[in-house]
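Chemist: based on what follows, work out the 3D shape:
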Amino acid sequence: MNPDPVTPRRLHRLLWGLLAVLTALSVAGGIALRMAPRAQAWEVGEGPRFKTVFSGESTFNGQIRVTEDQFTRYLMFGNSLQTGQDMKTPARSALRYVDGFHLGMAAVPGATSALFIGLGGGMGPRQFHDFYPKMRIETVEIDPMVARIARDYFKLPDDARLKSNVGDGRAFLEKSKAKYDLILLDAYDAHSAPPMLTTVEFMRLVKSRLTDRGALVANVIAAREGSRSGFGRSEYKTMKAVFPDVAVFGIQSALEPDAVPSDYENMTYVALKSGKLPTLPVWKARVAKLRRPEIRELTRVVEHGPFKTWPTGDVSVLTDANPPHEELFGN
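Modeler: Numbering: from 1, shown residues only. Now for the predicted structure:
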């Protein structure tokens, strides 16, 4: 999921209106104008350039929309941007946090099995399906509407190598006896998270469903510091209570020079079932071997490196009896 909720901005509407006028003038007067740039997060769904191709009301996620412009198709839950798929290259995500999932392939080279908990438009599973031909993939998504949208509007593959399930991720793991090289968790939002998927009991369950060399990879949305960092640091402390080694890579802080430490950002957590995670030179060498243009931002994320220190003395390990509360998210 993406960290920035999408809110209407009058200024941008005015700017796009001005651009439309200038474009019309260019046709009449022969003025050369550049094509309109790709949308920023806060612009998605705003103005005449966007067309809504699906709208529905979900029991789990409220209003769901699929909207698109000439470049990108987007999935939105209310005003929250979830997925962006390139219209010309469907395996390319317009949201850069998806690149972080491939850190799992650097942590577990040659991984051949993966479970995605939380689906959205399915960009992560689709990339794994397309990029790693030996990979067996399963997905589990609690919202049947989202599962249908991923298949019908984002063309999530449905074949012998990719099996989609509808249901609660924790219940799925409790019932399943399968083990995976990678379990990828993408079920959190900037302002909330399913409590049953955050706790130390859940992390122990995940660990039990990993192969001996396996790793958990999670997309967590939090700030590096300040009031919005509570959930991220609590989840880090919770994972470290279960896994022997955990690394956290910031996505926006690695890619955006003006990223503010107190703002929400996507963070990729990598937790290894046993042993130690790679050193930074090894991370870089393994990521270089992936060599995919669709995930080119991953190189910059790794070069920026994982967090060196992240204080957790003022936060608690999350448990089923003590799940995350609203204040942890900085709401």
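
Chemist: count of residues packed around F71?
Modeler: 17 (other Cβ atoms under 10 Å). In short, each C-beta sits where N, CA and C put it, glycine included.

Chemist: swap in V206?
Modeler: Residues near V206, counting by other Cβ under 10 Å: 26.

Chemist: from E68, how far out is it?
Modeler: 35 Å (Cβ to Cβ, to the nearest Å).

Chemist: and P278, what element?
Modeler: In this structure, P278 sits in neither a helix nor a strand according to DSSP states H and E.

Chemist: over to M145?
Modeler: helix 144-152.

Chemist: need the contact list for P125.
Modeler: A114, F116, L119, I137, T139, L156, L162 (Cβ atoms under 8 Å, 6 or more residues apart in numbering).

Chemist: give me that answer again for 7 Å
Modeler: With contact taken as Cβ atoms under 7 Å, 6 or more residues apart in numbering, P125 is in contact with F116, I137, T139, L156, L162.

Chemist: the closest residue in space to the fourth one that isn't next to it in sequence and I64: what is the separation?
Modeler: Okay, so that is L156. Leaving aside its sequence neighbours, L156 sits nearest to G122 (Cβ to Cβ, 6 or more residues apart in numbering; 3.8 Å). G122 sits 14 Å away from I64, going by Cβ to Cβ.

Chemist: lowest-pLDDT helix or strand in this protein?
Modeler: helix 10-29 (a mean of 42; mean pLDDT, DSSP states H and E).

Chemist: thinking again about what came up before, in contact with the residue nearest to L156, which residues?
Modeler: Counting by Cβ under 7 Å, 6+ apart, G122 has contacts T139, A150, F154, L156.

Chemist: tell me where the chain has strands.
Modeler: 51-58, 62-68, 72-77, 80-86, 113-117, 136-141, 162-166, 180-185, 210-222, 245-250, 265-272 (DSSP state E).

Chemist: now these in CSV, with distance to D320?
Modeler: Below are these laid out as CSV (distance: least, Cβ to Cβ, whole Å):
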stretch, distance to D320
strand 51-58, 26
strand 62-68, 26
strand 72-77, 26
strand 80-86, 26
strand 113-117, 17
strand 136-141, 20
strand 162-166, 23
strand 180-185, 17
strand 210-222, 18
strand 245-250, 20
strand 265-272, 19
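
Chemist: next, count neighbours for R204.
Modeler: 12.

Chemist: no no, S208
Modeler: Count around S208 with other Cβ under 10 Å applied: 11.

Chemist: low pLDDT regions in the stretch 1-150 of the chain?
Modeler: 1-43, 45-47 (pLDDT under 70).

Chemist: run the last query once more with 80
Modeler: Along the stretch 1-150 of the chain, segments meeting pLDDT under 80 span 1-48.

Chemist: P323 contacts T198, doesn't it?
Modeler: Yes: with contacts counted by Cβ atoms under 7 Å, P323 reaches T198, the gap being 6.4 Å.

Chemist: closest to G305 out of the contacts of G122?
Modeler: G305 lies nearest to T139 out of the contacts of G122, by Cβ to Cβ, at 30.0 Å.

Chemist: need the contact list for the closest one.
Modeler: Contacts of T139 (Cβ under 7 Å, 6+ apart): F116, L119, G122, P125, S164, N165.

Chemist: now do G167
Modeler: Contacts of G167 by Cβ under 7 Å, 6+ apart are V140, I142.

Chemist: how close does it get to V315?
Modeler: Note on G167: its distance to V315, by Cβ to Cβ, is 30 Å.

Chemist: okay, the helix holding M145 in PDB with CA atoms only?
Modeler: Only the C-alpha atoms of helix 144-152 are listed here, as PDB (Å, rounded to 0.1, in the frame of the first residue of the first chain):
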ATOM      1  CA  PRO A 144     -13.100 -10.700  -2.600                       C
ATOM      2  CA  MET A 145     -13.700  -7.500  -4.500                       C
ATOM      3  CA  VAL A 146     -10.000  -6.700  -4.400                       C
ATOM      4  CA  ALA A 147      -9.200 -10.200  -5.600                       C
ATOM      5  CA  ARG A 148     -11.600  -9.800  -8.600                       C
ATOM      6  CA  ILE A 149     -10.200  -6.300  -9.400                       C
ATOM      7  CA  ALA A 150      -6.600  -7.600  -9.500                       C
ATOM      8  CA  ARG A 151      -7.600 -10.300 -12.000                       C
ATOM      9  CA  ASP A 152     -10.100  -8.300 -14.100                       C
END
